[in-house]
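Chemist: Need a 3D model of the following:
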Amino acid sequence: MDAGSKGPDANGTIRSSLKAETRWSPKVTLSAKKKVGTSETKPTSFWLKNKSLQDGLCVPPLSRDKLNKLARKQRKDTAGDKWFNVPAPIMTPELKQELQLVKLRGVLDPKRHYKAEDSRGLPKYFQVGTVVGGPADFYSGRLTKREQKASLASELLADSSLSAYRKRKYLEIQDQKQAGGKGFFKKKQKKRKPSWAHI
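Modeler: Sure thing, here's the model as predicted:
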């Protein structure tokens with residue numbers, strides 16, 4: 001057998017491929033000398049005021065301000081006790097879309113009118129729930145299983161009456177925006193010509 005392989009030799013002892021054992025020990029002393037009669041201690045060699053780390057062994061203790069800042073970061077973000085600790089959820093694109101639809105609900109239906117919005121941005125603290133129809137509700141008052149969708153946006157897109165209203169309003173806006181353009185004046189000139197002059 002060669003010197004680098006493992007296995008028993010003629011005497012029955014096992015040879016290892018490692019010839020020297022690796023050992024590590026810290027280069028610091030943890031003893032702090034205390035003066036008799038005083039509470040003052042000499043700083044140990046692993047923590048010095050001017051040096052943050054020595055030999056990569058330990059991290060210096062945080063100051064009180066840093067500890068308070070860390071505690072504030074770790075505390076859950078809620079609306080407070082007066083608002084029953086409503087959490088601030090993580091804002092996903094889907095959730096943002098749902099909130100924007102709720103904010104613009106006054107535009108969706110011409111026959112429903114809502115109070116004016118008091119805030120410009122999206123809310124920070126809110127909760128999302130599911131409406132469950134009770135047994136006392138009449139059949140026409142709740143959605144059928146086919147009408148129930150995963151999100152508010154998909155429910156609104158599936159509504160045919162709402163899509164017809166949306167299309168009508170879009171065409172009205174387009175006509176209003178295109179007034180004064182080249183096509184608008186061509187139509188006007190065509191109307192001014194007598195019927196026998198049209199080719």
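Chemist: who's in contact with L108?
Modeler: The contact partners of L108, by Cβ atoms under 8 Å, 6 or more residues apart in numbering, come to 101, 156, 162. C-beta here means a position set from N, CA and C on the backbone, and glycine is covered the same way.
Chemist: how about a cut-off of 7 Å?
Modeler: 156, 162 (Cβ atoms under 7 Å, 6 or more residues apart in numbering).
Chemist: Identify the residues contacting L101.
Modeler: For L101, counting by Cβ under 7 Å, 6+ apart, the contacting residues are 152-153, 156.
Chemist: From K115, how far out is it?
Modeler: Remark: distance between L101 and K115 (Cβ to Cβ, to the nearest Å) = 17 Å.
Chemist: Kindly report the same for K182.
Modeler: 43 Å.
Chemist: List the buried residues for whatever helix or strand K177 lives in?
Modeler: Using DSSP states H and E, the element containing K177 is helix 160-178. Neighbour-count burial for helix 160-178, counted by 16 or more other Cβ atoms under 10 Å, picks out Y165.
Chemist: what comes into contact with the following helix or strand past it?
Modeler: Toward the C-terminal end, the helix or strand that comes next after helix 160-178 (DSSP H and E) is helix 182-192. Residues outside helix 182-192 that contact it (Cβ under 7 Å, 6+ apart): Q178.
Chemist: Helix 182-192 relative to helix 160-178, how many degrees between them?
Modeler: Per axes from the mean of the first three to the mean of the last three Cα atoms, to 10 degrees, the angle that helix 182-192 makes with helix 160-178 is 80 degrees.
Chemist: what are the C-alpha coordinates of helix 182-192, in CSV please?
Modeler: The C-alpha coordinates for helix 182-192 follow below in CSV (Å, rounded to 0.1, in the frame of the first residue of the first chain):
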residue,chain,number,x,y,z
LYS,A,182,-59.4,65.8,-39.6
GLY,A,183,-62.0,63.1,-39.8
PHE,A,184,-64.5,65.3,-37.9
PHE,A,185,-64.2,68.1,-40.5
LYS,A,186,-64.5,65.7,-43.4
LYS,A,187,-67.8,64.3,-42.0
LYS,A,188,-69.1,67.9,-41.6
GLN,A,189,-68.2,68.8,-45.2
LYS,A,190,-69.9,65.7,-46.4
LYS,A,191,-73.1,66.6,-44.5
ARG,A,192,-73.1,70.1,-46.1
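Chemist: how about the strands of the protein, start to end?
Modeler: For the chain, the strands defined by DSSP state E cover 7-8, 14-15.
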